[in-house]
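**Q** what follows is a predicted structure for the sequence shown.
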Amino acid sequence: MRFRVERQPLADAVAWAARTLPARPALPVLAGMLVEATGEGALRFAAFDYEVSAEATVTADDGAVAVAEPGRALVSGRLLAEIVRNLPPHPVDVLLKGSEVVVTCGSAEFGLLALPVEDYPTLPDPPGSAGTVPADVFAAAVAQVTPAAGRDEILPMLTGVRVDIDGSTMRLACTDRYRIAVRELTWSPVRDDFATGVVVPARTLGDTAKAIKAGAEVSLGLSGTGDTLIGISGGGRSMTARLLDDQFIDYRSRFTGAWTSTARVRTAPFIEAIKRVALVTERNTPVRLAFASGEVRIRGASGDSARANESLLAALDGDEIDIAFSPQYLLDGLAGVDTEVTRLQCTGPTKAALLTAVPDRADGDGEGTGPGDPGGDTGFRYLVMPVRLTS
């Protein structure tokens, strides 16, 4: 195996594959990265840990690639990633020479021990494509919901993203029992009647969505019947992940019901005010929101040692409300609001409250906080439980 490639496309491809390298591999060979130069002049980098696989391809379209001798080799993935990331900006030559893979860039030369490539497991074949969605839309949607995913592996279902597809509608949902984040978007299915529901590990989906090249089309590989794997590909990058148990809460029913209070407040000032007030709160101490006509008062305290309060303009329809939330939970939800105005709806201080984005006005006046503000949303919903007030 012998090839030359520009340093940046090489670094991008190796970094993509290295994301799935296990920290504590069950077998030494799983710490390796498969490097392959094909007879068609392309380079392929792959990693696999029996749960997640990642593969990146570099072609002449991505940068200068010259394959002098096709072949494949297996080397320490983390070491290769570290080396490539720190190489100077010059073309990189890679050569398999006996039991060593030699990496040369400018005057720098590295020799890596070649691992037994014949012992490396075969990467799984992803299911056929079920449809496509723009990479930036998909990445934004995943980023909106994954903060609400659970971290406790005792309940694997809660560590995943529920992906529900019904024709051209895709819904992503996460919950840790204290909050539920949902984003609905439109995508392009291969079949108009395609429908399925799967649970994908949230960390894997989040890392993958962020790393796919902007401007690419993301293809989702799902069969729709008895799925055990999901495949995601786009921009010369692809991955597969083993799905979690498809049991999930009936999250859609949680968003039904009537609200007695609806408040609207400008998103950016609201976020900054919560961050400031949260500076004086201790761990597990909530911030308190008091909505009255024309304003919201944000308060926080840490016993007798510190306190903070700040008021912002807000519009309120319905009953006045005094409600408290974990500041981080509140900020996670507001981070998913991509419009100028946020809507908060609730029914009393002990019932779950709903955060949604108010669509920006077409006339560009940016007001959107008055009583005449239109309804609707942008497909993002964030339901969060309040903290019970003691006084």
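**A** Structure's in. What do you need?
**Q** looking at this structure, which residue lies furthest from center?
**A** The C-alpha centroid of the chain is most remote from Gly98, which lies 41.3 Å away (CA atoms, centre = their mean).
**Q** contact partners for the nearest residue to that residue once chain neighbours are set aside?
**A** Closest residue in space to Gly98, ignoring its immediate chain neighbours: Ala114 at 8.0 Å, by CB to CB, 6 or more residues apart in numbering. Backbone N, C-alpha and C define where each C-beta goes, glycine included. Counting by CB atoms under 8 Å, 6 or more residues apart in numbering, Ala114 touches Ala73, Leu74, Val75, Leu96, Gly98, Ser99, Glu100, Val101.
**Q** likewise for Ala26?
**A** By CB under 8 Å, 6+ apart, the neighbours of Ala26 are Asp49, Tyr50.
**Q** what's the spacing between it and Glu153?
**A** From Ala26 across to Glu153, the span is 17 Å (CB to CB, to the nearest Å).
**Q** need the pLDDT of the residue farthest from the centre of the chain.
**A** Reading off the confidence values, Gly98 has pLDDT 91.
**Q** repeat that for Gly366.
**A** 38.
**Q** with Thr122 instead?
**A** The score at Thr122 is 92. That number is its pLDDT.
**Q** what about it, how many neighbours?
**A** Per other CB atoms under 10 Å, the neighbour tally for Thr122 reads 7.
**Q** equivalent analysis for Val199, please.
**A** 24.
**Q** other SSEs contacting whichever helix or strand it is part of?
**A** Using DSSP states H and E, the element containing Val199 is strand 195-201. Secondary-structure packing of strand 195-201 (3 or more CB pairs under 8 Å, 6 or more residues apart in numbering; DSSP states H and E): strand 160-166.
**Q** just how off-centre is the strand it packs on within its chain?
**A** 14 Å (CA atoms, centre = their mean, to the nearest Å).
**Q** return the mean pLDDT over that strand, rounded to an integer.
**A** With pLDDT averaged residue by residue, strand 160-166 scores 95.
**Q** which residues in the stretch 201-350 of the chain form helices?
**A** Using DSSP state H, counting those that start in this stretch, the helices of the stretch 201-350 of the chain run over 202-211, 267-278, 327-335.
**Q** other SSEs contacting the longest one?
**A** Just to be clear, that refers to helix 267-278. With contacts taken as 3+ CB pairs under 8 Å, 6+ apart, helix 267-278 sits against strand 287-292, strand 295-302, strand 306-313, helix 327-335, strand 341-346.
**Q** let's have the ones you listed in CSV, adding mean neighbour count.
**A** Converted to CSV, the helices and strands packed on helix 267-278 look like this (neighbours: other CB atoms under 10 Å):
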stretch, mean neighbour count
strand 287-292, 22
strand 295-302, 19
strand 306-313, 14
helix 327-335, 19
strand 341-346, 24
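**Q** got a markdown table for these, with distance to Val145 too?
**A** Output for the helices and strands packed on helix 267-278, formatted as a markdown table (distance: least, CB to CB, whole Å):
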| stretch | distance to Val145 |
| --- | --- |
| strand 287-292 | 23 |
| strand 295-302 | 25 |
| strand 306-313 | 26 |
| helix 327-335 | 10 |
| strand 341-346 | 17 |
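**Q** how about those, which one is nearest Tyr178?
**A** helix 327-335 (6.8 Å; CB to CB).
**Q** report the angle between the closest one and helix 267-278.
**A** Angle, helix 327-335 to helix 267-278, by axes from the mean of the first three to the mean of the last three CA atoms, to 10 degrees: 170 degrees.
**Q** which regions of this protein sit below the pLDDT cut-off?
**A** 62-63, 361-377, 390-391 (pLDDT under 70).
**Q** just give me the residue closest to the centre of it.
**A** Closest residue to the average C-alpha location of the chain: Gly206 at 2.5 Å, with CA atoms, centre = their mean.
**Q** dump the residue contacts of it.
**A** Gly206 makes contact with Val142, Ala143, Thr146 under the criterion CB under 8 Å, 6+ apart.
**Q** need phi/psi at the second one.
**A** Okay, so that is Ala143. Main-chain dihedrals, Ala143, degrees, to the nearest 10: phi -60, psi -30.
**Q** quick check: it touching Lys210?
**A** Yes - Ala143 lies in contact with Lys210 (CB atoms under 8 Å); the separation is 7.3 Å.
**Q** in the stretch 51-200 of the chain, mark out all the helices, start to finish.
**A** Using DSSP H, counting those that start in this stretch, helices in the stretch 51-200 of the chain cover 77-85, 135-145.
**Q** other SSEs contacting the shortest one?
**A** With contacts defined as 3+ CB pairs under 8 Å, 6+ apart, the packing partners of helix 77-85 are helix 7-18, strand 32-37, strand 100-105, strand 108-113.
**Q** neighbouring contacts of it?
**A** Here helix 77-85 makes contact (CB under 8 Å, 6+ apart) with 7, 10-11, 14-15, 17-18, 21, 31-33, 35, 47, 92, 103, 110, 112.
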